[in-house]
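Colleague: sequence and predicted structure below; questions after.
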Amino acid sequence: MHSASMQLLMFATAAIIIIIIIAAQICGHMAPKLGQPVVVGEMVAGVLLGPSALGYALPEFSAFIFNAEVKKTLYVIAMSGLGLYMFLVGAEHESSGQKGRRRYLPIILSILGIVLPTAMGSAATIAIAQQFKPGNVGMDVYVLFVGVGLSVTAFPMLARFLQERNMMKTMFGATAIEAAAIDDAMAWCGLALISAMAVHGSMVVALYQTVIPAIFFAAGVFWLLPKIFRRAFDKAVASGTISDKLLGGLLITVFVCSLISDYIGIYSVFGGFIAGAALPKVPGFSKLLQDRLLQTVKCLFLPVFFAYSGLNTDVFGSFNSQTLWVFGVLLGVAVVSKALSAVTVLRAYRWSWGETVAMAGLMNARGLMILVYINIGLALGIIHTEMFSIMVMIAIMTTALAKPIYRIYFSDSREAAQRAAWRRQAPTAPASTDVGTKEGDALLPPGFGDEGAAIAKG
């Protein structure tokens, strides 16, 4: 007989094999063939592994493989890997570089992208979804939780999509990333306040226990990390490799920041991002770091998180004629409110309609972050399985819509024009950072879609 620890190891290993090989790889491979990014396939794979498919077809096998102890293990793996992924996103992140009043564009876009969906989502929840409220949860907590949840933009998913399209280092991509980062940071602060109201019944407690400490924490990280790592980064770029000692130091930094952010209540994902964003910006280092870590994180850790969320999603058990109606209304409110906020801000900044619609589509992608958000709400008892399942389906649908809406405007040539415009704006950047750029792309002055495309053609 194997010991309890060995049995847990065997079960967890079997679960990971099923998640990675059978589910995530197959669904991730199929997604692009259906016009979707890989991440949508991986999200669907997570749902298929839960009670909605595997648990429905083979309930005894599902309960055997994904037992309670295995689910706890998967949660630890998933959240640790999510922190690493956010660290890589933060390390690659660059400012949009806009000047004058345009530098406030991502801030305004994110603020309206939180306020309007929260207001409209809360109103819709009061009108049609209050019957799903747990009996021991106050109406204010429940309504705010659902409303803020509908306002979330999936920052990691947005980053991953832009990485797949080689659009991270463009004006459009940098603006989208900044807006999504601020959007999610505000959503997490909102979750901290809502959680404190649910647990302690006090918003003041959340302010001094979470929001204010988070501000000091971020300020300290941005002051300290450049002083620690700049010289080591210069040496790594000069040698063309990251030493084990430096990588170990970076991993310690990520997990320490994740631990601190978990302790103060903004959760490990933002500790990872803050650590990455605070690193000194040494040209060429980001690519070395991505080459060392990104593939493992994407192929191992993220699928585990999607599977963990899928294990808590029961489509057949939660959906009936009433829940389908609520799902349809909340989905419509979520899409329309995000689109209205994007159109209002970007048209005021004189973006073209094509770019505005593309940004509205990306801001609507809620994938990963809403899954983290609602998992916390489920653990706190703010929502039950029915609303959890509704919001999982909203996450999948809005994320699946993002790429088709984005591609209405952004053809391959327009993406190339944006990359070329960014290179012209930052001519000292090493060629290795222009991932995926085709030879022969014209060097363009800074500009947006239509202008850049016109210059490229003529």
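Modeller: Perfect, I can see it now. Numbers count the residues shown, from 1 in each chain.
Colleague: residues contacting Pro207?
Modeller: Actually, residue 207 is Leu rather than Pro. Leu207 makes contacts with Leu193, as judged by Cβ atoms under 8 Å, 6 or more residues apart in numbering. For every residue, glycine as well, the C-beta is placed using N, CA and C.
Colleague: measure it to Cys189 for me?
Modeller: Distance from Leu207 to Cys189, counting by Cβ to Cβ, to the nearest Å: 9 Å.
Colleague: again, but for Ala334
Modeller: Distance, Ala334 to Cys189, using Cβ to Cβ: 20 Å.
Colleague: more neighbours, the two?
Modeller: Taking other Cβ atoms under 10 Å, Ala334 and Cys189 do not tie; Ala334 has more neighbours (26 against 21).
Colleague: quick one, phi/psi of the more buried one?
Modeller: As for Ala334, its main-chain torsions (degrees, to the nearest 10) stand at phi -60, psi -50.
Colleague: over to Ser243?
Modeller: phi -70, psi 160.
Colleague: test my guess that Glu355 contacts Leu346.
Modeller: Yes: with contact defined as Cβ atoms under 8 Å, Glu355 reaches Leu346; the gap is 7.0 Å.
Colleague: can you show me the strands along the stretch 1-150 of the chain?
Modeller: Assigned by DSSP state E, counting those that start in this stretch, the stretch 1-150 of the chain shows no strands.
Colleague: low pLDDT regions in it?
Modeller: 1, 93-102 (pLDDT under 70).
Colleague: for it, which segments count as helices?
Modeller: For the stretch 1-150 of the chain, applying DSSP state H, counting those that start in this stretch gives helices covering 4-17, 25-33, 38-49, 54-57, 59-65, 68-92, 105-124, 139-151.
Colleague: so for Ala232, which of those helices sits nearest?
Modeller: For the helices of the stretch 1-150 of the chain, proximity to Ala232 was assessed by Cβ to Cβ; helix 68-92 is nearest, at 13.7 Å.
Colleague: who are the packing partners of that closest one?
Modeller: helix 4-17, helix 155-164, helix 244-264, helix 268-278, helix 285-296, helix 302-310 (3 or more Cβ pairs under 8 Å, 6 or more residues apart in numbering; DSSP states H and E).
Colleague: which non-adjacent residue is nearest Phe222?
Modeller: In space, and not counting its chain neighbours, Phe222 is closest to Ala278: 4.4 Å by Cβ to Cβ, 6 or more residues apart in numbering.
Colleague: equivalent analysis for Pro213, please.
Modeller: Spatially, and ignoring its direct neighbours in sequence, Pro213 is nearest to Ile264 (4.4 Å; Cβ to Cβ, 6+ apart).
Colleague: pLDDT value on the one you found, please?
Modeller: Predicted confidence (pLDDT) for Ile264: 80.
Colleague: C-terminal to the helix or strand containing Ala358, what's the next element?
Modeller: Following DSSP states H and E, one finds Ala358 within helix 353-363. Next along the chain after helix 353-363, taking DSSP H and E as the criterion, comes helix 367-380.
Colleague: now the angle from that following helix to helix 38-49?
Modeller: 30 degrees (axes from the mean of the first three to the mean of the last three Cα atoms, to 10 degrees).
Colleague: for helix 367-380, buried residues please.
Modeller: For helix 367-380, the neighbour count (16 or more other Cβ atoms under 10 Å) marks 367-378, 380 as buried.
Colleague: and for stretch 282-299?
Modeller: By neighbour count on 16+ other Cβ under 10 Å, the buried set for stretch 282-299 is Val282, Gly284, Phe285, Ser286, Lys287, Leu288, Leu289, Gln290, Leu293, Leu294, Val297, Lys298.
Colleague: what about the stretch 351-458 of the chain, any weak spots by pLDDT?
Modeller: Applying pLDDT under 70 to the stretch 351-458 of the chain picks out residues 426-458.
Colleague: hmm, try it at 50
Modeller: Applying pLDDT under 50 to the stretch 351-458 of the chain flags residues 427-458.
Colleague: neighbours of Thr51, just the number please.
Modeller: Let me fix one detail, which is that residue 51 is Pro and not Thr. 23.
Colleague: that's all I had, so thanks and see you.
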